[in-house]
Structure formats: C-alpha cells, structure tokens
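In: Requesting a structural model of the entry that follows:
(chains A, B, C and D)
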Number of protein chains: 2
Amino acid sequence: MEVLIVEDDPLHRSFLQEQVSAALPECCTIYEAENGQQGETMARAHGTAHIVMDLQMNARNGIEAARTIWRERPDTRILFWSNYADEAYVRGVSRIVPNGAAYGYVLKSTSEERLKLALRSIFIENQCVIDNEVRGMQQRSFAQTSGFSDSEYEILMDIALGMTDRVISERRHLSLRSVQNRLQQIYGKLDVHQSVGSQREDSPFNLRARAVTVAMLRKLLNYGALEKAEAELQHWMRGRL
Amino acid sequence: MEVLIVEDDPLHRSFLQEQVSAALPECCTIYEAENGQQGETMARAHGTAHIVMDLQMNARNGIEAARTIWRERPDTRILFWSNYADEAYVRGVSRIVPNGAAYGYVLKSTSEERLKLALRSIFIENQCVIDNEVRGMQQRSFAQTSGFSDSEYEILMDIALGMTDRVISERRHLSLRSVQNRLQQIYGKLDVHQSVGSQREDSPFNLRARAVTVAMLRKLLNYGALEKAEAELQHWMRGRL
DNA sequence: CAAAAGCCTGCGGGTTCCCGCAAGCGCTTT
DNA sequence: AAAGCGCTTGCGGGAACCCGCAGGCTTTTG
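Out: Take a look at the predicted model:
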C-alpha cells in the first residue's frame, strides 16, 4: 500500500509520517507533498489511492486539491486532517465528495489513538470517519435551525464578494426581488437585526455588510472560502463580456 | 532565566521547548501555556520577563495577551512566532508594543538557526528582531503607496463590522460627509472600482462590501482583527445607551 | 506673507438597498 | 377539489449609500 501525505507544516508532516507507518504496517511507501498543488501532481504521478491531507495550505488549499484528485479518480480515499471544524470547511468538503467514496475528517487536536483508528478505518475498511465535533457541525448545518440552504449560502457568498443585487440576480438567474428575499432570510438567520439595548430603535448596521461579518465570526465563511469564491467570480465575469 | 512558551499546537510547543533549551543554556525553567488566557495568568504568576508566543490561538489570541502582559510589565520581552505575516497581525503588534520594549516577530517557516538567533538577540541582547518578510510588509504598510493611515484603517474596520455611515460618524466624532470622504479614499486605495474588461461601464460591486472582501484577500484584515474589533464595538455600544 | 495643499464640512441628486404588500405558481395535505 | 404552504415575482416608498461641487480651516512651502 502507498500513502500520500499532503501537509505544509514540516512538524505536522513528520508527525503524520510516524503515525501512518505505525498504524499501517502494510504500507510500503509514503510520499510527501508540501501543498495542494504538489499534492495533485504526486497523486497523479504515483496513482496513490490513499491520501491524508491538510485543509488550509498556502499554495492551493486542500479542498481544491481534493476536488481535482477525486475528479480523476473518484475512488481515492482521503483523510482530511484539519485544525478547524469551520462550517465553511465542512460544507466545502461535503460538497465535493463523490458519492460512495470513503473519506474522513478528523481534527488535529484528537488523540493519536483516534487518528490511527481513523487511518485504518478509511484505508483498510473503506469506511467513513467523521470526528464528533465535525459531525455535530454538519448536522446543525443541514438542519433547519439557523441552517443555510445551498442557495442561501450561494447568495451569502455573493454579497461577501461585494456583488450588487442586480448582478447577483443575473448570475444566479433570479429576479431582483428574489435575491432580496433570500437576503431577508439570511439576515433573519444570522440575527443581524439585533440592537443591543432593550431600545427598539432599529439596528445601527448596514445589514449587508453586517451579515458578512457575522458569518465570518460564526465560521460560516472563512478566508479559504472567500478566496475560492473570488476565483470563481473572476472566471464568471470574464465569461460574460 | 525563565522562559514562558505560549502556543496552542502541542507539536509546535514541544519543538519550541527544544529550541529554547538548546539556544539558551542559561535558561533554567521553561513554563508552557496552551493559549493566551493561560499565558497571561502564568506570566503574572511567575513574573516571567521572557516570552515566546504564537499569534492566533483559540481561546485568546496572542496580540490581546501581549497587550495585557505589556500593560502590567512594559519591559517584558516577547518573541512572536507566527505562521503568517498578515498586515493585520503586523499592524496589530506594532500598535501595542510599548516604546523602547524589545520584541521579535519571526515566521514559523524560518530556519532553526534564525529562530535560535532571534531568541538570543531578544532575550540576551535586548534587541528587536523582525523577519525580513515581516519588515517588508511593515514598510509597505506605512509608506504612501496603497498604505493606510490609522484613521483610514479605523474606518475600514468599522465598515467591516457593518456599521452605518451615521453611526461611524458618531463613534469617530466626525461629520457624516467626512466619513464618506474617508471611504472614498479607501475605495481608491483598494482599487475597488475595477471593472474587469476594458469596458468603462461602472463596477458591478457594492463598494462598501467589496472593500471589506478585498481587504481580507490582501490580508489587511483577518479573522483575529475582526474578532477584536467586534469585541470593542460591543463594548462601545453598551457605553452609549 | 501669500500660495498651495490638506482635512473637515454642508448640499444635492442619482443609485442601491431594505422591505411591506400582494398576486401567481407548484406541491402537499385532508 | 379545496385549502395550505413555500417559492418567485412585481410595485412602491423610505432609508442609506456614492460622490461631485464648493466653501472654511489649518499646515506647509517657497
């Protein structure tokens, strides 16, 4: 068996190296990559079917890398090993996992035991392993309570990018009013109308800008998600003269 | 000599531990803390004058912790050891360093040699050590080219938080129009008016929201800065019935 | 000292946003 | 079949934003 490690922090990389060889005696070769870019290349070159990968790397983040890897070989087994359980990450991952594929999502803060167990479960047993905290997030996310539908999430990204209602309606093929309706729902779910005191004078906020900040503070959005969305936006804008 | 290490990642923490004891044979005791909160407490308890600390930690970030530590003992020597050279961090640090205090800012990606050298320079020689990349950022930041004055930066934070022009004017003691003038300058410096093609039809962006995103993408703002600003805002809002 | 440059301010109007009201459509429930 | 729910759309108005124009104030410069 061959395993590919994709992780930009050298300390974490060598730690992973140890853990993998300890947990998987049947593993004969371990490749290492320092970022997503390099990870894609090596996965392609060696055809490795077992990958453990960090999200959040400099050159190209884990989600992007995983997407292209899975596009080429949907049966690749990937264990995401991340510092955070931001909703933005969880959502990003579950959006790209091919159906039926085995994958895992464990936090860097979990014990070595759990990490090793996850390695074996995914790579040998072909079973999904999602850390409890992540799982909790996931369910809250897809539940109704303050959960965002995909279309709402899309629009949230759009206003985060600074797009106009009109342009959003154009991009998402909706009427202007529908976009604004979605925004109402978003404002509601983010509870952006708060005015701190018991005073009922309306909120001192620009709801549109406020929504983005609140979303960031709640880890619904993060830098990686923004970056990705921005790239897509640029692409779209070139497309429409 | 006593040294306090404040770092939430256990791998990095033990790495630092090794490096410190290797670089500073005169160091007799090494304390460790897992986050800013704990770091403050231990610094106070042991009265350690030598600290090496991560920025970006869960419970309480490094900048906040450093601020309260320096407030109590301005002669404390602190080496910031961070993953990133975001302008938001650099600005945050240089805003709180007491004048005359020795401090350092080195990236986690630098070599062990440089790290050891920095440790000795700051703790023994009482000299400031700033990584080149960070230094570069710092100068670009305070130069005129696309550099932000402190007052502009303040307003940028305010719109990032989602405040209304009117409320900003109230908070910063300016007229409405002055706030909007500042915004004009900010929009200019962030080059937010771009319309991708050579077409001169005006930008498809809500400038206010767009400015925030561009600032984030340029690392002018980041999560930590937002979080801190939000806390200050909440405080201010309670103050003004 | 006068001119220039910079910041703060008011005014006004064009645009965009925020959102209540209401009507139309498809789907489920009873 | 009728009623109910959710999603979409149009209309309209009040508020907030973006910004050119222009006058006052302070600081800098020749």
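
In: outside of the top helix by length along chain A, which residues touch it?
Out: The longest helix of chain A (DSSP state H) is helix A:223-239. With CB atoms under 8 Å, 6 or more residues apart in numbering or on different chains as the test, helix A:223-239 has contacts from A:55-56, A:61, A:63-64, A:88-89, A:92, A:157, A:160-161, A:163, A:171, B:196, B:204, B:213, B:216-217, B:222-223. Where you see a C-beta, it was placed from the backbone N, CA and C, and this is true even at glycine.

In: quick one, that helix and helix B:223-239 angle?
Out: Orientation check (axes from the mean of the first three to the mean of the last three CA atoms, to 10 degrees): helix A:223-239 against helix B:223-239 gives 100 degrees.

In: Alpha carbons only: can I get helix A:223-239 in CSV?
Out: Taking Å, rounded to 0.1, in the frame of the first residue of the first chain, the C-alpha atoms of helix A:223-239 are listed here in CSV:
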residue,chain,number,x,y,z
TYR,A,223,-10.6,33.0,4.2
GLY,A,224,-10.3,29.9,2.1
ALA,A,225,-13.9,30.0,1.1
LEU,A,226,-13.6,33.7,0.1
GLU,A,227,-10.6,33.0,-2.0
LYS,A,228,-12.2,30.2,-3.8
ALA,A,229,-15.4,32.2,-4.4
GLU,A,230,-13.4,35.1,-5.7
ALA,A,231,-11.6,33.0,-8.2
GLU,A,232,-14.9,31.6,-9.5
LEU,A,233,-16.3,35.1,-9.6
GLN,A,234,-13.4,36.4,-11.7
HIS,A,235,-13.9,33.4,-14.1
TRP,A,236,-17.6,34.2,-14.4
MET,A,237,-17.0,37.8,-15.1
ARG,A,238,-14.7,37.1,-17.9
GLY,A,239,-17.3,34.8,-19.3
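
In: now that helix: how far from the chain's centre is it?
Out: With CA atoms, centre = their mean, to the nearest Å as the basis, helix A:223-239 stands 15 Å off its chain's centre.

In: Could I get the buried residue list for it?
Out: For helix A:223-239, the neighbour count (16 or more other CB atoms under 10 Å in any protein chain shown) marks A:Y223, A:G224, A:A225, A:L226, A:K228, A:A229, A:E230, A:L233, A:M237 as buried.

In: cool, stretch A:113-121 as well?
Out: A:L115, A:A118, A:L119, A:S121.

In: one step back: tabulate the buried residues of helix A:223-239 in a markdown table, adding columns for pLDDT.
Out: Formatted as a markdown table, those follow (pLDDT from 0 to 100):
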| residue | pLDDT |
| --- | --- |
| A:Y223 | 94 |
| A:G224 | 92 |
| A:A225 | 92 |
| A:L226 | 94 |
| A:K228 | 92 |
| A:A229 | 94 |
| A:E230 | 94 |
| A:L233 | 93 |
| A:M237 | 89 |
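
In: Nearest to chain B among the residues you listed?
Out: A:M237 (4.9 Å; CB to the nearest CB).

In: Buried ones in the lowest-mean-pLDDT helix or strand in chain A, by neighbour count?
Out: Lowest on mean pLDDT, DSSP states H and E among the helices and strands of chain A sits helix A:132-142, with a mean of 77. Going by neighbour count (16+ other CB under 10 Å), the buried part of helix A:132-142 is A:E133, A:V134, A:M137, A:Q138, A:S141.

In: which residues of chain A score low on pLDDT?
Out: A:140-146, A:194-202, A:241 (pLDDT under 70).

In: would you list every one of the strands in it?
Out: Per DSSP state E, chain A carries strands over the ranges A:2-6, A:29-33, A:50-53, A:77-82, A:103-107, A:129-130.

In: Quick one: those as CSV, columns for mean neighbour count and distance to DNA strand D too.
Out: Listed next are the strands of chain A as CSV, based on neighbours: other CB atoms under 10 Å in any protein chain shown; distance: least, CB to the nearest atom of the strand, whole Å:
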stretch, mean neighbour count, distance to DNA strand D
strand A:2-6, 25, 38
strand A:29-33, 17, 41
strand A:50-53, 25, 35
strand A:77-82, 24, 30
strand A:103-107, 22, 28
strand A:129-130, 20, 27
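
In: Could you list the residues in contact with stretch A:205-220?
Out: Counting by CB under 8 Å, 6+ apart, A:84-88, A:148, A:156, A:159-160, A:183, A:186-187, A:190-193, A:203, A:221-222, B:159-164, B:167, B:206, B:208-209, B:212-213, B:223, B:226-227, B:230 sit against stretch A:205-220.
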